[in-house]
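Peer 1: One predicted model, sequence on top.
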Amino acid sequence: MNEPVVTVVGAGLAGAEATWQLARQGIRVRLIDMKPDKKSPAHTMDGFGELVCSNSLRSDRLTNGVGLLKEEMRRLHSLIMDAADATRVPAGGALAVDRNSFSAYITHSLASHPNVEIVHQEVLDIPEPPCIIATGPLTSDGLAEKIQALPGLNMLNFYDAAAPIVTLESLNMERIFRQSRYERGSDYLNCPMNETEYMAFIHELVHAETAPIHGFEEKKVFEGCMPVESMAKRGPMVLAYGPLKPVGLTDPRTGKQAFAVVQLRQDNQEGTLFNLVGFQTRLKFPEQKRVFGMIPGLENAEFVRYGVMHRNTFLHSPGFLNAHYEMLQKPLCYFAGQITGVEGYIESAASGLLAGISLGHQLHNMGPVDFPSLTAMGALGKHVSTPVHDFQPMNCTFGLIDGLPVDGTHKKIRNKAQRYEAIASRALDWIDHYIQEQGVAI
């Protein structure tokens, strides 16, 4: 194989997607990842595209921002979406996957592609352009130091939390019922709590012993991954209105809505493992078993993985990256993934997809790809590149995407679902037109 044209560092979701998009455009890629020889404290698998926090890729509906983003990616021949659709497990209106099969699909697809060379080693310096750095929120210390030294860059650090996983056979199903919210199937296991049970649980949760983490700052935790005990400390009813909200669920044994409900989501294709939804935590392991054992149905739960905290690193991207994730002061050097300030599995993969397409177009002398912010893809790029006073990681929401114009030909759509459907339709029309005009598929 000839010397690769592009170096991609990191084989998480963003790096894997970027590599795939470049390879599909006929560009040779050297994909470098430090696994399996070296792993971060949060990594356990040897393969690519490892899902660390949860096996859920969130909503699959077009009336949800991340649902629209998924559909844009599908139409752009996303490897990550192909893998997710091929390895999905039941999760109501969400897209969840068997994490082992998901990783295996991605790893095999890249390892078998003739334009991809895989190198297993730690990268300690910034590669020469053209390159894409997609080392994610778990960037190794050596490379992080080199990134930190880039001119004008302010690197911020905080920590994410991963939820525990329990075995189905260890659950007390006499106290648990199957149901998805708003009668959308029966994919979730639900542990109903009355007020007394809930208040006792909250009391023990906020007083439980947490694991000390060097450099941890409570205020730096991203809201979407905040430890459950941190949320509980904000007030006794915070969880009841958050991840433990009972709305849309009716206990078939009582015919009523419980005071609070803990949901469990299937974590593997066999349906033998379930994770506690919204229960990212940094409690010590014995405390997790004791306190989470107070949840009805989890009295004797077997934990195959306890919740853990792990480092999350991201750049102050505005003024450093453009909307294609390319360095402003170093052409053909891109970043991708959560390190850029997008938040979430799908958003990370989407940034890799856009970076891969854009860099490929530049190498083919076609110029970068300008995805407008009326698309979910373009809206994320605009978020990471638009200067703001306090830049923070962001999930894909309709709040980032351009709204519908209100003029002589467009009337304001007051129904939110219909408005989001119209925004999604407009975005997908643009994607389809782009594919037809530019010819993404090689």
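Peer 2: Yes, it's here.
Peer 1: Below-threshold pLDDT in the protein: ranges please.
Peer 2: The model of the chain has pLDDT under 70 over residues 1-4, 40-43, 154-161, 213-225, 310-311, 389-390, 407-411, 439-442.
Peer 1: same for the longest helix along the chain, what does it pack against?
Peer 2: Assignment by DSSP state H gives helix 416-438 as the longest helix of the chain. In terms of contacts (3 or more C-beta pairs under 8 Å, 6 or more residues apart in numbering; DSSP states H and E), helix 416-438 is packed against helix 65-75. All C-beta spots, glycine's among them, are computed from the backbone N, C-alpha and C.
Peer 1: So which residues of the stretch 1-150 of the chain form strands?
Peer 2: Taking DSSP state E, counting those that start in this stretch, the strands of the stretch 1-150 of the chain run over residues 6-9, 29-33, 56-59, 88-89, 94-97, 116-120, 131-133.
Peer 1: I misspoke; the intended subject was the stretch 201-350 of the chain.
Peer 2: Assigned by DSSP E, counting those that start in this stretch, the strands in the stretch 201-350 of the chain fall at 260-266, 273-276, 303-305, 308-315, 333-335.
Peer 1: what about those strands, which gets the closest to residue 136?
Peer 2: Residue 136 lies closest, by C-beta to C-beta, to one member of the strands of the stretch 201-350 of the chain: strand 308-315, at 8.1 Å.
Peer 1: quick one: the residue lying closest to residue 242 once chain neighbours are set aside and residue 396, what's the gap?
Peer 2: Spatial nearest neighbour of residue 242, chain neighbours left out: residue 231 (6.1 Å); criterion: C-beta to C-beta, 6 or more residues apart in numbering. Residue 231 is 22 Å from residue 396, where distance means C-beta to C-beta, to the nearest Å.
Peer 1: In the chain, mark out all the helices, start to finish.
Peer 2: Counting by DSSP H, the helices of the chain are 13-24, 65-75, 79-86, 99-111, 141-148, 195-207, 228-232, 285-292, 345-363, 376-385, 416-438.
Peer 1: Now do the third one: which elements does it pack against?
Peer 2: It refers to helix 79-86. For helix 79-86, the elements it packs on are helix 13-24, helix 65-75, strand 94-97, helix 99-111, helix 345-363, judged by 3+ C-beta pairs under 8 Å, 6+ apart.
Peer 1: Can you mark which positions in the longest helix of the chain are buried?
Peer 2: 419-421, 423-424, 427-428, 430-431, 434 (16 or more other C-beta atoms under 10 Å).
Peer 1: Please find the angle between the direction vectors of it and helix 65-75.
Peer 2: Between helix 416-438 and helix 65-75, the angle comes out at 20 degrees (axes from the mean of the first three to the mean of the last three C-alpha atoms, to 10 degrees).
Peer 1: Alpha carbons of helix 416-438, as CSV, please.
Peer 2: Only the C-alpha atoms of helix 416-438 are listed here, as CSV (Å, rounded to 0.1, in the frame of the first residue of the first chain):
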residue,chain,number,x,y,z
LYS,A,416,-44.2,22.5,17.7
ALA,A,417,-44.2,19.0,16.2
GLN,A,418,-45.4,20.2,12.8
ARG,A,419,-42.8,23.0,12.9
TYR,A,420,-40.0,20.6,13.6
GLU,A,421,-41.2,18.3,10.9
ALA,A,422,-41.1,21.2,8.4
ILE,A,423,-37.6,22.2,9.6
ALA,A,424,-36.4,18.5,9.2
SER,A,425,-38.0,18.3,5.7
ARG,A,426,-36.2,21.4,4.6
ALA,A,427,-32.9,20.1,6.0
LEU,A,428,-33.2,16.7,4.3
ASP,A,429,-34.2,18.4,1.0
TRP,A,430,-30.9,20.3,1.2
ILE,A,431,-28.9,17.1,1.9
ASP,A,432,-30.6,15.3,-1.0
HIS,A,433,-29.8,18.2,-3.3
TYR,A,434,-26.2,18.4,-2.1
ILE,A,435,-25.8,14.6,-2.7
GLN,A,436,-27.2,15.0,-6.2
GLU,A,437,-25.2,18.0,-7.1
GLN,A,438,-21.8,17.2,-5.5
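Peer 1: circling back: out of the helices and strands packed on helix 79-86, flag the one nearest residue 200.
Peer 2: For the helices and strands packed on helix 79-86, the distance to residue 200 is smallest for strand 94-97, at 29.9 Å, taking C-beta to C-beta.
Peer 1: So in that sheet, which strands flank that closest one, and in what orientation?
Peer 2: Using DSSP bridges, the strands paired with strand 94-97 are strand 56-59 (antiparallel), strand 88-89 (antiparallel).
Peer 1: need these in JSON lines with mean neighbour count and distance to residue 65, can you?
Peer 2: Converted to JSON lines, these look like this (neighbours: other C-beta atoms under 10 Å; distance: least, C-beta to C-beta, whole Å):
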{"stretch": "strand 56-59", "mean neighbour count": "22", "distance to residue 65": "8"}
{"stretch": "strand 88-89", "mean neighbour count": "20", "distance to residue 65": "20"}
